[in-house]
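Undergrad: let's see this in three dimensions:
(one chain, ligands or ions: 1)
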Amino acid sequence: MAPLNPCRNVDARSQVVVVGGGIAGLAAAHRLTRLSPRVSVTLVEGSERLGGKIVTERVDGFVIEGGPDSFLSAKPRGVGLCRELGLEETLQGTTPRRRRAFVLRGSRLHDLPEGLTGLVPTRLGPMLRSPLVSPLGKARMALDYALPPRRGDDDEALGAFVRRRLGREVYDRLVEPLMAGIYAGDGERLSLAATFPQLRRGEREHGGLIRGVLAAKRAATTAGSAPPGRPGFLTPRGGLGELVDGLVARLRTGGVRILLGAPVASVGLTRPGGNDRFTVELADGRALAADAVVVAAPAFAAAGMLAALDAPLAAELAAIPHASSAIVSLAFPREDIPHPLDGYGYVIPRVEGRPALACTWTSSKWGHRAPEGQVLMRVFLGRFGREEALGGTDDDLVTLARDELRNVLGIEAAPLLCRVHRWRYGMPQYVLGHPARLAAIERRLKALPGLALAGNAYRGVGIPDCIASGEAAAEVAHAAARRSEEPVVTAPAGLLS
Ligand SMILES: Cc1cc2nc3c(=O)[nH]c(=O)nc-3n(C[C@H](O)[C@H](O)[C@H](O)COP(=O)(O)OP(=O)(O)OC[C@H]3O[C@@H](n4cnc5c(N)ncnc54)[C@H](O)[C@@H]3O)c2cc1C
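TA: Presented below is the predicted three-dimensional model:
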């Protein structure tokens with residue numbers, strides 16, 4: 001095993017290795033550079049590029065996002081990090097004049113009723129007018145006001161909870177497609193406590209779901225916590241790649257060593273002179289010594305690296321399921337589209353039984369994404385438990401996406417360009433039992449001071465949550481690395497305990 005970094009008696013600075021160069025790993029490395037110049041940071045990324053799920057391509061005047069296209073403004077660390085990087089001024093919200101989205105039913109698009117907050121309808125008017133739910137379904141939804149809350153503390157599947165409170169129709173036609181747009185998940189398996197704990201809190205504290213959401217809205221307005229006038233979703237004008245570029249530039253000036261094309265095979269522990277030190281071994285046989293390690297790779301990859309160090313920890317990580325999906329981006333001349341594209345796009349309920357999950361009208365949703373007179377769209381394929389469509393070639397996926405656009409929007413023309421981005425096991429699923437699994441993971445980590453985990457598999461899949469998890473892991477690693485610099489004092493028995 002060839003050592004890649006010098007040992008501490010040559011360079012007195014403590015060493016932290018961050019594994020994984022997605023947004024969580026980049027944020028961790030960035031936070032470490034801000035915490036102390038005395039910590040030497042190495043970022044190790046298995047692929048040849050940084051950013052992980054964030055992939056922004058600029059082609060012929062189009063800005064194409066292969067993965068995420070924006071982040072929630074209400075969660076502080078998205079905007080917060082952009083501010084630290086000097087990117088806040090470049091953030092743009094969704095185009096306000098087209099603030100409208102649709103839900104597919106049969107082959108027709110219907111307006112998503114206004115006033116859906118955190119998946120729950122909070123305005124009666126738009127719901128009552130919506131043809132998406134039958135009169136009987138609406139009556140069942142209103143029953144939420146009268147139904148008593150469920151007793152007990154045990155977790156419940158998201159789907160079961162929403163059906164219990166609002167009825168099957170509202171779940172199938174409205175809540176399920178919105179939820180799937182976030183997790184590409186199956187509501188029958190997702191844990192309510194891990195995905196939307198505020199819904200259960202609302203039920204418990206206010207007696208009903210709609211009552212709870214209304215109370216939360218009132219409280220947020222009184223406390224002034226909702227940033228007035230700020231759009232719900234934000235992204236840098238040139239795409240999320242600018243966030244990655246900004247971070248990488250800071251890491252380079254901060255002296256972070258970045259290793260690309262360097263998959264980590266294992267993380268082990270050695271005890272030179274009685275002090276714990278980690279060894280991060282790369283697949284090519286090279287090794288890095290570290291006082292602390294942040295593993296910000298996907299949970300299943302983390303499981304592989306940590307199997308020899310702590311088998312029970314690795315087993316918990318490996319048990320987190322992941323959904324696969326693909327995004328097909330297509331561009332067309334505007335005149336070839338018979339539909340007005342007067343909104344942000346549409347979602348497709350699982351009960352429709354189609355391979356596509358959603359379609360975003362990117363150039364209507366965001367400014368500066370397509371040249372004048374042309375349009376850009378993204379079709380999302382695959383969802384948890386229904387991933388068979390992804391088995392085909394890229395050409396097959398383009399055909400599926402074009403079938404979708406032909407059936408719903410009447411687009412017959414050939415696209416000007418197509419891009420396929422596949423996300424194999426790209427989206428962790430917080431299934432029933434996830435909170436207990438997190439507790440078990442934390443118990444194992446307590447016995448491994450200096451090892452921290454970050455990323456989308458634990459406490460939030462959105463970009464702000466991933467940033468926050470990377471930063472929290474950096475704090476843990478930094479504290480451990482500084483402790484390892486403290487002199488080891490040998491005292492007579494009885495003086496230290
Ligand atoms: C299609 C799609 C659309 C999404 N849309 C949105 C959205 O609009 N808004 C939003 O907020 N979120 C969205 N998300 C979620 C969000 O993008 C991700 O949860 C987040 O980017 C994950 O970041 P991460 O750093 O945890 O993981 P990743 O981005 O997966 O980064 C992990 C990194 O670890 C590396 N790695 C793996 N194994 C090893 C190894 N052995 N050694 C070294 N490195 C390794 C990988 O190569 C990768 O670079 C979307 C996700 C997907 C898949």
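
Undergrad: mind giving me the domain ranges of the chain?
TA: Residue ranges for the domains of the chain, per automatic domain parsing: 2-52+240-320+431-485, 116-223, 322-428.

Undergrad: now do the longest one, average pLDDT.
TA: It stands for domain 2-52+240-320+431-485. On average, the pLDDT along domain 2-52+240-320+431-485 is 92.

Undergrad: excluding sequence neighbours, find me the nearest residue to L136.
TA: E169 (7.6 Å; CB to CB, 6 or more residues apart in numbering). For every residue, glycine as well, the C-beta is placed using N, CA and C.

Undergrad: on that earlier part again, which one of the domains of the chain lies closest to the ligand?
TA: Among the domains of the chain, the nearest to the ligand by CB to the nearest ligand atom is domain 2-52+240-320+431-485 (2.0 Å).

Undergrad: run the chain-centre distance for the closest one.
TA: 18 Å (CA atoms, centre = their mean, to the nearest Å).

Undergrad: ditto for stretch 333-342
TA: The chain centre lies 31 Å from the centre of stretch 333-342; the measure is CA atoms, centre = their mean.

Undergrad: and if you look at stretch 359-372?
TA: Relative to its parent chain, stretch 359-372 has a centroid offset of 22 Å by CA atoms, centre = their mean.

Undergrad: ends of it, what's the gap?
TA: Terminal residues of stretch 359-372 are spaced 21 Å apart (CA to CA, to the nearest Å).

Undergrad: which parts of it are buried?
TA: By neighbour count on 16 or more other CB atoms under 10 Å, the buried set for stretch 359-372 is C359, T360, W361, T362, S363, S364, K365, W366, R369, A370.

Undergrad: among the residues you listed, which are in helices?
TA: Of the buried residues of stretch 359-372, the ones assigned to helices by DSSP state H are T362, S363, S364, K365.

Undergrad: any idea which of the domains of the chain gets closest to L81?
TA: domain 2-52+240-320+431-485 (5.3 Å; CB to CB).

Undergrad: does the ligand have contacts with that closest one?
TA: Yes - against the ligand, domain 2-52+240-320+431-485 shows contacts by CB under 6 Å from any ligand atom at 19-25, 44-47, 52, 263-264, 296-298, 301, 455-456, 461-463, 466.

Undergrad: among those residues, which ones are buried?
TA: Of those, these count as buried by 16+ other CB under 10 Å: 19-25, 44-46, 52, 263-264, 296-298, 301, 455-456, 461-463, 466.

Undergrad: identify the residues contacting stretch 462-477?
TA: 16, 18, 22-32, 35, 54, 68, 71-72, 75-81, 182, 240, 292-294, 296, 450, 452-456, 458-460 (CB atoms under 8 Å, 6 or more residues apart in numbering).

Undergrad: quick one: buried ones out of those?
TA: Judged by 16+ other CB under 10 Å, buried ones among the contacts of stretch 462-477: 16, 18, 22-32, 35, 54, 68, 71-72, 75, 77-79, 81, 240, 292-294, 296, 450, 452-456, 458-460.

Undergrad: what's the span of stretch 176-193, first residue to last?
TA: 17 Å.

Undergrad: show me the buried ones among the contacts of stretch 462-477 that map onto helices.
TA: 23-32, 35, 77-79, 81.

Undergrad: surely A160 meets E188?
TA: Yes - using CB atoms under 8 Å, A160 is in contact with E188, at 7.3 Å.

Undergrad: tell me the one of the buried residues of stretch 359-372 nearest A440?
TA: Nearest to A440 among those, with distances taken as CB to CB, is T360, at 37.1 Å.

Undergrad: and the closest one, bridged to which residues?
TA: With DSSP bridges as the criterion, T360 is bridged to G345, R378.

Undergrad: just list the residues touching it, thanks.
TA: D69, Y344, G345, M377, R378, F380.

Undergrad: convert the C-alpha atoms of whatever helix or strand the last one lives in to PDB, please.
TA: So that's F380. Element membership for F380 (DSSP states H and E) is strand 374-381. Presented in PDB, the C-alpha positions along strand 374-381 are these (Å, rounded to 0.1, in the frame of the first residue of the first chain):
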ATOM      1  CA  GLN A 374     -36.900  27.300 -29.200                       C
ATOM      2  CA  VAL A 375     -38.200  25.300 -26.200                       C
ATOM      3  CA  LEU A 376     -36.600  22.800 -23.800                       C
ATOM      4  CA  MET A 377     -38.400  20.000 -21.900                       C
ATOM      5  CA  ARG A 378     -37.500  17.200 -19.600                       C
ATOM      6  CA  VAL A 379     -39.300  13.900 -19.300                       C
ATOM      7  CA  PHE A 380     -38.800  11.900 -16.100                       C
ATOM      8  CA  LEU A 381     -38.800   8.200 -16.500                       C
END
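
Undergrad: many thanks, have a good one.
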